[in-house]
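*Asks:* I would like the atomic coordinates for the input below:
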Amino acid sequence: MNGVTRTLITGGTVVSPTGRIAADVLIDGETVAAVLAPGQAEGLGVTAANVDTTIDAAGKYVVPGGVDVHTHMQMPFGGTEASDTFETGTTAAAWGGITTIVDFAVQNTGGSVQDALAAWHEKADGNCAIDYGFHQIIGGVDEESLKAMTYLVDNEGITSFKLFMAYPGVLYSDDGQILRAMQTANESGAMIMMHAENGIAIDVLVAQAVARGDTDPRFHSLTRPAELEGEATHRAIQLAKVAGNVPLYIVHMSASEALEEVAAARHQGHNVFAETCPQYLYLSLEDQLAQPGFEGAKWVCSTPLRTKHEHHHRDLWKGLRMNELAVVSTDHCPFCFKEQKEMGIGDFSKIPNGIGGVEHRMELLYQGVVNGEISLERWVETCCTTPARMFGMYPKKGIIAPGADADILVWDPNGHTTIGVEHKHHMNMDHSAWEGFEIDGKVDTVLSRGRVIIEDDTFTGSKGHGQYVKRGLSQYLV
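*Replies:* A predicted model of the protein is given here:
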């Protein structure tokens with residue numbers, strides 16, 4: 001066997017976007033060798049006696065490892081840095097059944113794209129417990145960065161570029177810059193990702209609120225109204241059309257108004273896609289952000305949590321069912337409450353923006369299956385398969401099929417998970433945004449490229465196991 005290990009996962013129900021089947025999965029080294037009908041393995045001479053490891057998945061779901069295409073490990077923000085390193089963040093991801101992340105290398109205004117990418121490679125190289133790729137943030141659109149975009153597509157396996165309509169002076173691009181970046185992406189077939197909020201108008205509202213003394217965390221949401229997310233989404237879509245129907249992916253969607261714009265564009269046949277995150281499906285301005293005192297700072301993120309008195313939650317779940325929302329990511333960007341979130345005491349605009357969630361996406365979306373919001377197949381599709389297809393990693397990632405990487409989550413639907421600092425919590429932060437959430441199911445076993453990295457409530461992986469994934473162009477275009 002030349003040191004190659006063979007693993008047989010027996011008795012489980014293999015789930016894909018197109019259905020579920022009783023099947024055994026044979027893994028040879030780092031890849032899936034076969035998906036076998038019950039009893040077929042024995043007929044082919046594959047038994048517990050001649051494989052190295054047998055995993056009993058009776059009564060459990062065998063699903064592709066989760067693919068989280070929106071994380072921010074070690075990201076500088078507002079004078080501090082996201083509290084998860086690539087080591088701690090990818091280890092927490094493994095605990096949640098995630099086997100691939102795509103993080104963001106950040107070029108700030110005035111910086112070099114290549115230098116930014118090199119800095120992120122240095123942070124991640126040799127430190128990741130699971131496989132990882134990068135998107136490139138373009139914070140300064142100019143001749144050099146436009147040339148770099150094409151170079152990254154051709155040479156670095158980076159085929160998606162994120163622009164910001166928010167954060168003037170740091171990451172913001174105006175409409176002309178956005179159009180030029182979209183035109184450049186269109187030439188190479190790359191995807192444009194967009195933070196769609198009208199940052200110019202938001203900055204006015206923020207300054208007015210602070211001047212009035214409205215400084216509590218809840219004003220973070222009230223100064224970023226849903227209308228300005230909807231307006232920016234509309235504008236991004238129109239610019240993408242002008243640029244030749246360049247593939248456009250709206251990140252971290254929170255508002256019904258924005259969803260309506262994407263749904264309309266998709267109905268017209270345009271390459272417009274969107275993701276949402278668990279926080280926008282479950283959490284709200286009233287229940288979290290408006291908690292007494294400064295407590296709400298734990299849930300300051302952008303786009304912000306919306307009011308529960310409108311229909312954002314309901315519409316986003318509907319969008320997931322209808323494929324108006326193609327992907328669920330986390331926008332994992334954790335900050336500790338002490339010393340980090342507390343930078344904004346007395347001024348909500350100084351609170352570092354971000355929620356930690358990379359560990360809990362598979363759990364929280366499975367609860368949506370239990371609650372009747374989405375199907376089991378749609379859980380796999382939005383959390384595993386479509387993210388891999390959207391960002392050029394399929395069929396290596398996102399599916400259990402011969403030749404695919406053996407990235408597998410064995411999920412126990414009869415188990416139970418309590419999320420919280422004293423319960424299940426492995427992210428490097430001093431609180432949980434999901435404290436007290438109960439999940440009717442449990443991560444049982446996780447494999448990354450054939451290696452068991454979670455079993456028996458124990459992390460058995462190691463930093464450095466994760467490899468960099470050079471991505472191709474999107475495989476999800478209309």
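
*Asks:* which residue lies nearest the spatial centre of this structure?
*Replies:* The centre of the chain sits closest to Ser329, judged by Cα atoms, centre = their mean, with a distance of 2.7 Å.

*Asks:* you'd agree Val206 is in a helix?
*Replies:* Yes: remark: Val206 belongs to a helix, assigned using DSSP: H, G, I helix; E, B strand; the rest coil.

*Asks:* just checking, it touches Ile351?
*Replies:* No: between Val206 and Ile351 there is no contact under Cβ atoms under 8 Å: 11.5 Å. C-betas here are computed from N, CA, C, even on glycine.

*Asks:* if you count what's nearby, which of those two comes out ahead?
*Replies:* A count of neighbours by other Cβ atoms under 10 Å puts Ile351 above the other of Val206 and Ile351, at 24 against 20.

*Asks:* residue contacts, the closest residue to the more buried one other than its chain neighbours?
*Replies:* Leaving out its chain neighbours, the residue that sits closest to Ile351 by Cβ to Cβ, 6 or more residues apart in numbering is Gly344, at 3.0 Å. Gly344 makes contact with Pro217, Phe294, Ala297, Val300, Lys350, Ile351, Pro352, according to Cβ atoms under 8 Å, 6 or more residues apart in numbering.

*Asks:* okay, now the fourth one: neighbour count?
*Replies:* Okay, so that is Val300. Neighbours of Val300 using other Cβ under 10 Å come to 24.

*Asks:* before we move on, what about the fifth one?
*Replies:* The local packing count at Lys350 equals 16, with neighbours defined by other Cβ under 10 Å.

*Asks:* please tell me how far the closest residue to it other than its chain neighbours sits from Thr80.
*Replies:* The shortest distance from Lys350 to any non-neighbouring residue, by Cβ to Cβ, 6+ apart, is to Gly344 (4.0 Å). Gly344 is 11 Å from Thr80, where distance means Cβ to Cβ, to the nearest Å.

*Asks:* anything in contact with each of the two?
*Replies:* Joint contacts of Gly344 and Thr80 (Cβ under 8 Å, 6+ apart) are Pro352.

*Asks:* all helices of this structure, in order?
*Replies:* Taking DSSP state H, the helices of the chain run over residues 40-43, 86-95, 113-124, 143-155, 175-188, 199-212, 219-222, 226-242, 256-267, 278-282, 312-322, 361-370, 376-380, 386-390.

*Asks:* need the CA coordinates for the longest one. CSV is fine.
*Replies:* This means helix 226-242. Coordinates of each C-alpha in helix 226-242 appear next as CSV, following Å, rounded to 0.1, in the frame of the first residue of the first chain:
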residue,chain,number,x,y,z
ALA,A,226,-31.8,48.3,4.7
GLU,A,227,-32.6,50.8,2.0
LEU,A,228,-28.9,51.6,1.6
GLU,A,229,-28.0,47.9,1.3
GLY,A,230,-30.8,47.6,-1.3
GLU,A,231,-29.6,50.7,-3.2
ALA,A,232,-26.0,49.6,-3.3
THR,A,233,-27.0,46.1,-4.5
HIS,A,234,-29.1,47.6,-7.3
ARG,A,235,-26.2,49.8,-8.3
ALA,A,236,-23.7,46.9,-8.3
ILE,A,237,-26.0,44.8,-10.5
GLN,A,238,-26.4,47.6,-13.0
LEU,A,239,-22.7,48.2,-13.2
ALA,A,240,-22.1,44.5,-13.7
LYS,A,241,-24.5,44.5,-16.6
VAL,A,242,-22.7,47.5,-18.2
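
*Asks:* for that helix, packing partners?
*Replies:* On a contact count with 3 or more Cβ pairs under 8 Å, 6 or more residues apart in numbering; DSSP states H and E, helix 226-242 meets helix 175-188, strand 191-195, strand 248-250, helix 256-267.
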